[in-house]
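Asks: Dropping the sequence and predicted coords here.
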Amino acid sequence: MNKKRLFVFEGTVLKKLPNSTFLVYVSKIEKEIFCYISGKIRINYIRITQGDKVKIEVNKMCSSKGRIVYRIK
């Protein structure tokens, strides 16, 4: 993805779904976003559970889907 066409938000994981996908609530825009895990998180076996704070990237064109890029401790 082109870095210039992305929004970066912080959100909370509401629900874990099959195939490494999650439902994330972003309070800044008051919206639930369907997210998948980035490759770096997958390679390094970082566990994401319900209630974790995460940083996500959302494409400007399709704001209903995003990618989890960082788990905030």
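Replies: Nice, I can see it.
Asks: Tell me who's in contact with E57.
Replies: Applying CB atoms under 8 Å, 6 or more residues apart in numbering to E57 gives the contacts M1, L6, F7, V8, G66, R67, V69. All C-beta atoms are positioned from the backbone trio N, CA, C, and that covers glycine.
Asks: which stretch of helix or strand covers the residue lying closest to F7 once chain neighbours are set aside?
Replies: Distances taken as CB to CB, 6 or more residues apart in numbering place V58 nearest to F7, at 4.7 Å, with adjacent residues excluded. Applying DSSP states H and E as the criterion places V58 in strand 53-59.
Asks: Could you pull out the buried residues of that strand?
Replies: V54, I56, E57, V58 (16 or more other CB atoms under 10 Å).
Asks: so how far does stretch 38-49 reach from one end to the other?
Replies: Taking CA to CA, to the nearest Å, the first and last residues of stretch 38-49 lie 15 Å apart.
Asks: And stretch 40-55, by the same measure?
Replies: Distance across stretch 40-55, first residue to last, is 13 Å (CA to CA).
Asks: Done for today, thanks.
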